[in-house]
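Novice: Have a look at this prediction, sequence included:
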Amino acid sequence: MSSTDRPDYLLCLQIAGVGEFSQDNRTAILQPGDLTLFDTTRPTTVISSTDYRNLCMKFPQHLISLPPDQVSQLTATRTGAREGFAPAAGALLMTLNQLMDTISGRSRILAAQGALDLITTMFQSQLDISSPPHPAQPLLEQVQSHIDNQLSDPELGPGTIAAAHYISLRQLHSVFHAEGLTVASWIRNRRLQRCRRDLSDPALQAVSAASIGMRWGFKTASHFGSTFRETFGQTPAEFRHEATSVSPETDGCTD
């Protein structure tokens with residue numbers, strides 16, 4: 001495997017044979033039922049047996065709401081078939097592989113979102129990043145909840161958020177930085193998630209894509225369109241038409 005420009009993660013389930021995967025100076029040797037993770041922007045080496053088969057799910061890194069520097073600790077590490085959430089994640093990959101070609105539209109988007117929620121939970125458990133809690137975690141959660149409630153306000157930004165919580169801008173940025181995040185990127189990604197959800201909703205087909213973007217706080221249709229395309233590789237209209245572009249891709253892989 002070689003590196004690519006788009007920052008995706010690749011979660012792989014070993015189906016048959018033995019695979020040896022190396023990335024970031026680590027090597028994972030997988031048996032059937034085992035899982036491992038890759039960052040597609042970095043080189044990966046695969047050595048496999050002749051009967052090797054695996055199933056991979058690819059998804060944009062920004063859809064995992066965990067600090068990237070911590071998730072990077074999981075690349076090319078083996079998660080045993082019976083370890084933690086691995087049985088559930090393995091069953092999920094198999095189910096998605098069987099069903100994704102038979103469902104479409106909002107159902108496909110919801111299935112993808114559910115899959116990402118489970119994967120995020122598995123990563124959290126493996127990293128043990130929720131315990132003990134960071135001293136600033138309650139404030140971060142409070143601020144993030146405030147952001148979700150104010151996404152439709154086009155004036156939402158670090159200044160208004162800091163004022164609403166009676167903290168300095170420096171403290172606000174520090175709380176996010178401690179988790180490997182930035183305030184601006186968090187607001188942008190939450191808005192894009194809401195827009196993506198609404199664009200995939202058949203009940204909102206009569207609402208223009210531009211109106212959806214502005215409903216969730218983008219100041220202009222052009223800003224919404226360019227941000228959406230930069231993030232997802234499609235215009236809002238193209239995404240709405242396909243309603244599948246940011247769903248995880250599942251592929252049976254053989255080497």
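Specialist: That came in fine, so what should we check first? Numbers count the residues shown, from 1 in each chain.
Novice: so residue 72 touches residue 23, yeah?
Specialist: No - Residue 72 is beyond contact range of residue 23, at 9.6 Å (criterion: CB atoms under 8 Å). C-betas here are computed from N, CA, C, even on glycine.
Novice: How many residues are close by residue 141?
Specialist: If you count neighbours by other CB atoms under 10 Å, residue 141 ends up with 12.
Novice: Against residue 127, how distant is it?
Specialist: 18 Å (CB to CB, to the nearest Å).
Novice: how about residue 35, phi and psi?
Specialist: phi -120, psi 150 (degrees, to the nearest 10).
Novice: I'd assumed residue 10 was in contact with it.
Specialist: No - between residue 35 and residue 10 there is no contact under CB under 8 Å: 11.0 Å.
Novice: more crowded one of those two?
Specialist: residue 35 (28 against 21).
Novice: Which strand residues bridge the more buried one?
Specialist: Beta-bridge pairing of residue 35 under DSSP bridges involves residue 13, residue 79.
Novice: check contacts around it.
Specialist: 11, 12, 13, 14, 78, 79, 81, 86, 89, 90 (CB atoms under 8 Å, 6 or more residues apart in numbering).
Novice: Excluding residues flanking it in the chain, which one is nearest residue 60?
Specialist: residue 8 (5.7 Å; CB to CB, 6 or more residues apart in numbering).
Novice: Next, that neighbour: phi, psi?
Specialist: Torsion angles, degrees, to the nearest 10, at residue 8: phi -110, psi 160.
Novice: That one: neighbouring residues, count only.
Specialist: So residue 8, with other CB under 10 Å, has 19 neighbours.
Novice: same question, residue 45
Specialist: Neighbour tally, residue 45, other CB under 10 Å: 12.
Novice: Domain ranges for this protein, per the record?
Specialist: 8-131+247-253, 137-242 (automatic domain parsing).
Novice: weakest of those by average pLDDT?
Specialist: Mean pLDDT is lowest for domain 8-131+247-253 among the domains of the chain, at a mean of 85.
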